[in-house]
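Chemist: Just a sequence and a predicted model for now, questions to come.
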Amino acid sequence: MKLRWKALAAAVGLLLVLPPAGAARAATLYTVPPVPGPLPTYHVSSVYVAGVSSGGYMATQLQVAYSGRIRGSAVFAAGPYYCAQNTVTQALYACGDNVYPTYLPTLEAYTRTWASYGWIDPVGNLAARPAYVFHGNSDATVRTSVTDDLVRYHQHFGASVQYDSGSAAGHAWVTPYGTGGCTVTAAPFLNNCGTDPQNAFLRKLFGAVQAPNTGPLRGTLIRFDQNSFAVNGWAPGLSMDTAGFAYVPPSCAAGQSCRLLVALHGCLQGYGRVGTAFVDRANLNQYADTNNMIVLYPQAVTSAVNPNGCWDWWGYLGGTNYPIKGGAQVETIMNMVRRLDG
């Protein structure tokens, strides 16, 4: 069993813990402490998703399943929709490594068929949707060809894609507040490459973006109960933590119309493993303060079927509906979106 999980960890884009090396100097970081409380309702004008590794796969599942509601996506270090096809072997050898092909035409056919059944929103919604895709040249966890197929998948359905494939980054979320060197793959998987991909993907998603707040943050970080949004009433039963986070700038709290960005951490990167490192250092709260943007940070957690705290993109919860409407984690996250959106 231990050997099986070691293989799975290498398979599903699990962010492998390696010794720190060459950590770059991060920008001065300002944070706000979490405040426990319920998740309120705001005036949300549009919803977007972003994620890294397993969170990138989940972001694409949300984008495709709910393309009528979600207006665009930003994905770091992940492959195309339904890449694993509910099979650990496929996840291992096609969606992390590239020993097997991703069978991209098959994935596109599944997408069209499921849309015809109403299991996901119509594929026509994906046309002209903005999609930002990032892959680092030092990423050996998810191979370049796998992320190339995510780009091709978006393009097949007519999305407007920006592909950032020139970075030397390892398998990580790249941010000016990263504590790791650009090329490493190491906890907490927040790498500093001397660039600001968040500016690039927010410009792609929004059309324009204001400069981030580089001083003390002005918003509130809410720590809310994820159990109340879980489809089974108990988040740990879905390999999700009991608490999630939402960063709300003053303008949104005061009733202004705001965008909502769902930001999904990768494996071994949730609160249970690295605390609020991803929440604090993703470089999203800084942009939220100046761009009327709420950031929702759902949290996955380790469990018997998910020892590295990944999002379910290969079917570890059982059943086959994980990437479509009704999928346990997809619906739980969308319940949070619905609450924020009223």
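Modeler: Alright, I've got the coordinates. Residues are numbered from 1 along each chain as shown.
Chemist: how about the helices in the stretch 201-342 of the chain?
Modeler: Taking DSSP state H, counting those that start in this stretch as the criterion, the stretch 201-342 of the chain contains helices spanning 250-253, 271-274, 277-281, 285-290, 328-341.
Chemist: where do the helices sit along the stretch 51-200 of the chain?
Modeler: Going by DSSP H, counting those that start in this stretch, the stretch 51-200 of the chain shows helices at 54-65, 88-94, 104-117, 144-156, 197-206.
Chemist: can you redo those helices as TSV with mean neighbour count and mean pLDDT?
Modeler: C-beta coordinates here come from the backbone N, C-alpha and C atoms, glycine included. Putting the helices of the stretch 51-200 of the chain into TSV (neighbours: other Cβ atoms under 10 Å; pLDDT from 0 to 100) gives the following:
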stretch	mean neighbour count	mean pLDDT
helix 54-65	29	98
helix 88-94	19	93
helix 104-117	15	98
helix 144-156	20	98
helix 197-206	21	98
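Chemist: right, and those - which one's nearest A27?
Modeler: helix 197-206 (11.9 Å; Cβ to Cβ).
Chemist: Which other helices and strands does that closest one contact?
Modeler: Applying 3 or more Cβ pairs under 8 Å, 6 or more residues apart in numbering; DSSP states H and E, one finds that helix 197-206 contacts strand 70-76, strand 130-134, strand 160-164, helix 285-290.
Chemist: How about the contacts made by the one residue sitting closest to the centre of the chain?
Modeler: Nearest residue to the geometric centre of the chain (Cα atoms, centre = their mean): G51, 1.8 Å. Neighbouring residues of G51 by Cβ atoms under 8 Å, 6 or more residues apart in numbering: 57-59, 74-76, 78, 263-266, 311.
Chemist: Can I get those in a markdown table including distance to R218?
Modeler: Shown next, in a markdown table, are the contacts of G51 (distance: Cβ to Cβ, whole Å):
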| residue | distance to R218 |
| --- | --- |
| Y57 | 33 |
| M58 | 29 |
| A59 | 27 |
| A74 | 24 |
| V75 | 29 |
| F76 | 27 |
| A78 | 32 |
| A263 | 19 |
| L264 | 24 |
| H265 | 24 |
| G266 | 28 |
| W311 | 30 |
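Chemist: From the residues you listed, pick the one nearest Q210.
Modeler: Of all the contacts of G51, Q210 sits closest to A74, with 17.3 Å by Cβ to Cβ.
Chemist: So in terms of bridging, what pairs with that closest one?
Modeler: A74 has these beta-bridge partners by DSSP bridges: A50, Y132.
Chemist: Could you check how far it is from Q90?
Modeler: 25 Å (Cβ to Cβ, to the nearest Å).
Chemist: T214 now?
Modeler: For T214 relative to Q90 (Cβ to Cβ), the value is 43 Å.
Chemist: what's the burial count for the residue nearest to L238 when sequence neighbours are not counted?
Modeler: The shortest distance from L238 to any non-neighbouring residue, by Cβ to Cβ, 6 or more residues apart in numbering, is to A328 (4.9 Å). Residues near A328, counting by other Cβ atoms under 10 Å, number 20.
Chemist: what's the answer for the one 5 residues further on, then?
Modeler: Taking other Cβ under 10 Å as the criterion, the count of residues near I333 is 26.
Chemist: Name the nearest residue to it, sequence neighbours excluded.
Modeler: P298 is the one closest to I333 (Cβ to Cβ, 6+ apart), at 5.2 Å.
Chemist: what does H156 give?
Modeler: E108 (5.4 Å).
Chemist: from what I can see that neighbour touches Q155, true?
Modeler: No - assessed by Cβ atoms under 8 Å, E108 is found out of contact with Q155, at 10.6 Å.
Chemist: hmm, back to that, list the residues that contact the residue nearest to H156.
Modeler: 153, 156-157 are the contacts of E108 under Cβ under 8 Å, 6+ apart.
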